[in-house]
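**Student:** quick check, what structure comes out for this input:
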Amino acid sequence: PFRRVDSEPWPYEPGELERVTEALRALLADATVAKTFHNHLYDVPILERHGFPVRGPLHDTMLMHHARWSELPHSLAFVGSVYTDARYWKDDVRDGGKFDPTVAEEKFHRYNARDALVTLRVARRLWHEMSEQKAVYAQEMALAPIARAMHENGMLLDLEALGVIRERLRARETDCTARLRELLVGTDYAERAERPVAEFNPGGVYAVRHALLAMGVPLTARTDTGRFLSVDQQTLSTVAPYCNVAGREFIRVLARSQKGDDVDIAALGWRACQKLRSTYVESPPMLEDGRLHANWLIHGAVSGRWSSSPNMQNWGKWLRRIVVAPPGYQLVAFDYSQIEMRIQAYLSGDAALLASCAHADSHRARAAVIFEVPAEAVTYDQRQVAKRYSYALAYGSGDQNILEQLLPEYPGLTLDHVKAVGQRIRRAFPGWMAWREGVLRTTTQRGYGESAILGRRRYFLGGIKPTAAYNMPVQSTAADTINEATLRLWP
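**Tutor:** Below is the predicted model of the structure:
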């Protein structure tokens with residue numbers, strides 16, 4: 001009873017729909033027949049909700065493509081355009097880019113049939129291309145049931161605690177706004193902006209630009225278009241040391257942020273509060289069961305790390321506390337301590353770096369080597385600078401970029417200080433530095449970087465950036481390790 005893709009019109013015969021439905025249900029439930037989807041994490045739950053249980057070996061062309069070409073888009077339209085000669089068919093059931101419910105039923109039939117046909121053709125070609133990436137694909141397919149279960153189970157949230165955080169962020173935004181307006185009193189802001197100080201809005205780019213100029217902040221960097229003076233976070237971090245006291249205070253109240261697990265809301269700037277509140281706190285996507293049902297994407301990053309929507313990996317401890325266990329259960333945390341630095345020590349074989357990773361506090365141990373003092377004599381600032389610089393250097397950041405990262409926490413720091421620390425690190429860990437140069441050289445020669453465990457590859461089709469070249473073997477090896485650990489932990 002199955003019709004050709006180009007059958008037009010679609011002539012139903014008496015009882016044909018019922019026969020096709022039952023034949024499809026039996027086929028999907030047959031555990032001896034392999035099924036291939038493009039994003040089965042989306043398709044299979046929908047089929048099962050509508051009475052079509054899916055059994056048997058599964059394949060997924062989206063995950064195949066991610067394993068083979070992690071840096072490219074993975075939509076069926078894109079993959080189909082590369083591996084088949086099918087014309088673009090996605091607009092057949094869309095109007096202005098959105099799904100059109102008024103499309104004739106025959107068009108839906110042809111649309112779905114083309115989806116299936118293109119998926120089949122892509123699978124045949126991709127599978128033969130993946131001789132060196134099948135281990136990566138096998139790991140991702142093994143992780144898929146975990147991703148589905150995590151989405152369906154969701155995480156229980158303490159809504160009362162979430163509400164407290166929301167109100168604290170709102171209150172801090174209000175305090176910051178009042179303080180910024182207070183600092184603008186007595187300046188020529190009103191003349192520049194053509195509105196009173198009492199109406200200053202920290203969220204308005206034009207208002208902020210006028211306010212910074214009124215405070216005497218030396219803005220020179222421009223936006224990408226070149227038309228306007230930039231007031232982004234990086235620009236303000238760069239110019240802050242060159243401002244007068246009032247200018248530095250204005251930048252601090254507007255733009256101060258904090259990195260790490262423990263965030264002090266009372267010390268955050270307006271922008272950080274607004275971003276945290278709008279991104280993580282306001283209206284989290286929940287169903288009626290009071291749980292947050294995030295979408296976990298195995299293909300969400302070129303390195304093989306997972307991503308999620310909403311982005312829960314960026315939740316610090318201060319926000320993760322709202323995730324609670326239901327009655328009768330406990331939450332258990334599993335983590336790798338400083339996994340990226342340990343992987344670099346292993347891959348580089350640098351004796352001093354390996355020794356620091358064996359220390360109970362590896363950042364303190366590295367600081368002791370860098371600053372040539374006993375570990376017990378390392379100060380907090382020395383440890384922090386060594387930690388931040390080590391990670392920045394590991395991913396190819398230059399001295400100027402590292403300075404901009406450190407300036408918000410250490411306003412008196414200069415480029416000469418940063419360069420001096422860099423020279424100390426290069427002397428202290430020569431094997432590490434040599435390995436980094438080797439990674440860049442090998443990646444440039446081959447055109448791709450790869451992980452040390454599964455051989456997960458990233459092809460640099462648009463040219464090689466040193467930061468990405470350094471990053472790939474570290475991040476992808478960490479991803480392979482964490483993914484394997486996840487499979488072992490899953491019951």
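
**Student:** which is the next helix or strand following the helix or strand H363 falls within?
**Tutor:** Applying DSSP states H and E as the criterion places H363 in helix 362-371. Next in sequence after helix 362-371, counting helices and strands by DSSP H and E, comes helix 380-394.

**Student:** what residues sit buried inside that following helix?
**Tutor:** Neighbour-count burial for helix 380-394, counted by 16 or more other CB atoms under 10 Å, picks out Q382, R383, V385, A386, K387, R388, Y389, S390, Y391, A392, L393, A394. Quick note: C-beta positions are derived from backbone N, CA and C, even for glycine.

**Student:** min pLDDT across those residues, which one?
**Tutor:** The weakest per-residue confidence within the buried residues of helix 380-394 falls on A394 (74).

**Student:** so which strand or helix has the nearest residue to that residue once chain neighbours are set aside?
**Tutor:** Nearest residue to A394, sequence neighbours excluded (CB to CB, 6 or more residues apart in numbering): Q344, at 5.9 Å. Assigned by DSSP H and E, Q344 belongs to helix 339-348.

**Student:** please apply the same query to R458.
**Tutor:** Per DSSP H and E: strand 457-459 holds R458.

**Student:** for that strand, name the packing helices and strands.
**Tutor:** strand 448-450, helix 466-489 (3 or more CB pairs under 8 Å, 6 or more residues apart in numbering; DSSP states H and E).

**Student:** ok, of the buried residues of helix 380-394, which one's closest to S308?
**Tutor:** Using CB to CB, Y391 comes nearest to S308 of these, at 22.6 Å.

**Student:** list the contacts of that closest one.
**Tutor:** Y391 sits next to E340, M341 when contact means CB atoms under 8 Å, 6 or more residues apart in numbering.

**Student:** report pLDDT for the most centrally placed residue in the chain.
**Tutor:** The centre of the chain sits closest to S307, judged by CA atoms, centre = their mean, with a distance of 5.5 Å. With respect to pLDDT, S307 has a value of 92.

**Student:** still on that earlier bit, would you mark the buried spots in the strand holding R458?
**Tutor:** R457, R458, Y459.

**Student:** in its sheet, what does it sit against?
**Tutor:** Strand 457-459 has the following strand partners under DSSP bridges: strand 448-450 (antiparallel).

**Student:** quick one: average confidence on the strand it pairs with?
**Tutor:** The average pLDDT for strand 448-450 rounds to 94.

**Student:** again with stretch 221-230
**Tutor:** The average of the pLDDT scores along stretch 221-230 is 88.

**Student:** that stretch: end-to-end distance?
**Tutor:** 6 Å (CA to CA, to the nearest Å).

**Student:** again with stretch 154-162
**Tutor:** End-to-end distance of stretch 154-162 (CA to CA): 16 Å.

**Student:** now stretch 219-238
**Tutor:** Taking CA to CA, stretch 219-238 runs 10 Å from one end to the other.

**Student:** list the buried residues of it.
**Tutor:** Buried residues in stretch 219-238, counting neighbours by 16+ other CB under 10 Å, are found at S230, V231, Q233, T235, L236, S237, T238.

**Student:** how about CSV for the residues you listed, with secondary structure added?
**Tutor:** Shown next, in CSV, are the buried residues of stretch 219-238 (DSSP: H, G, I helix; E, B strand; the rest coil):
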residue, secondary structure
S230, coil
V231, coil
Q233, helix
T235, helix
L236, helix
S237, helix
T238, helix
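
**Student:** low-confidence ranges in this protein?
**Tutor:** 1-12, 14, 259-261, 408 (pLDDT under 70).

**Student:** and stretch 249-257, C-alpha only, in CSV?
**Tutor:** Output of stretch 249-257 as CSV, limited to C-alpha atoms (Å, rounded to 0.1, in the frame of the first residue of the first chain):
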residue,chain,number,x,y,z
GLU,A,249,33.2,53.2,39.9
PHE,A,250,30.7,53.7,37.1
ILE,A,251,32.2,50.8,35.1
ARG,A,252,32.3,48.6,38.2
VAL,A,253,28.6,49.2,39.0
LEU,A,254,27.5,48.8,35.4
ALA,A,255,29.6,45.9,34.3
ARG,A,256,31.3,44.0,37.1
SER,A,257,30.9,40.2,36.7
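
**Student:** contacts for it?
**Tutor:** With contact meaning CB under 8 Å, 6+ apart, stretch 249-257 is reached by 176, 179-180, 183-184, 202, 208, 211-212, 215, 217, 233, 236-237, 239-240, 243, 267-272, 408.

**Student:** now, of those residues, which are buried?
**Tutor:** 176, 179-180, 183-184, 202, 208, 211-212, 215, 217, 233, 236-237, 239-240, 243, 268-272, 408.

**Student:** circling back to that earlier point, narrow the contacts of stretch 249-257 to those in strands?
**Tutor:** Among those, no member falls in strands (DSSP state E).
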